[in-house]
Every structure is written in structure tokens, then in C-alpha cells.
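Asker: Fold the following, please.
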Amino acid sequence: MKRSFESIYRKANDAVRARLFDHVEVGKLRGFCLAYLGQMDRALPYIPPDLVRREQVKDYPTDFSAMSQSDISLLSRRGELLTRVLISRYCEDL
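Answerer: Just a heads-up that it's a prediction; the model follows:
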């Protein structure tokens, strides 16, 4: 079951990425940036000093339980910083 789910999930993500590239190609989007919480910190073009590290959030459960304010802050801060880093490096004109 797990392997089947992972396969379907991967294919769905690939399809979404392909559609994004298609939208850029035909001019529906100027560009896009894909930031995700599991992004490897060492692969970033630079690491901001206040980056919430991957290790701090990578094992966050996805069981739909209520989130603490602390967890919300960590997850949202990492997402924001990753997006800023990637846009500043790869999509300056967005």
C-alpha cells in the first residue's frame, strides 16, 4: 500500500510540475518557484542566519491533529524563508 501511494503521489507531483512549465512556456505564468519543507538545506544557494532547519520540521506529523502556535511558527517561517531564498536566486524578476 505504501509503495503504491508513493508512486501515485510522485506521478501527481510530476504532472503538476509539468503543467507549471507548460504555463510558463505559453505565457500564462511569468515563472514559478517550488519551495518545500523537506528541501535539503545544503542545496540552497545560501543559508540565511535565521533559517528554520530542515531537521526541526521534517518529521512533523501529518495526522490532522491541532497544531501548536510554536509548530505553526516554525513551519511557516521555514516556508517563507525558503521561498525568499529561492526567488531571490532563481526568479528575481517575479
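Asker: The spatially closest residue to Q56 that is not a sequence neighbour: neighbouring residues, count only.
Answerer: Using CB to CB, 6 or more residues apart in numbering and skipping the chain neighbours, the partner closest in space to Q56 is L74 (5.9 Å). Where C-beta positions appear, they are placed from N, C-alpha and C, glycine not excepted. The number of residues packed near L74 is 18, by other CB atoms under 10 Å.
Asker: How about D41?
Answerer: Other residues close to D41 by other CB under 10 Å number 13.
Asker: Torsion angles phi and psi at it?
Answerer: Per-residue torsions, D41: phi -60, psi -40 (degrees, to the nearest 10).
Asker: Can you tell me what sits against stretch 29-46?
Answerer: Residues from elsewhere that reach stretch 29-46, judged by CB atoms under 8 Å, 6 or more residues apart in numbering: 17, 20, 23-24, 47, 51, 53-54, 57-58, 60, 75, 78-79, 82-83, 85-87, 89-91, 93-94.
Asker: 10 Å instead, please
Answerer: 13, 16-17, 19-24, 47, 51-58, 60, 74-75, 78-94 (CB atoms under 10 Å, 6 or more residues apart in numbering).
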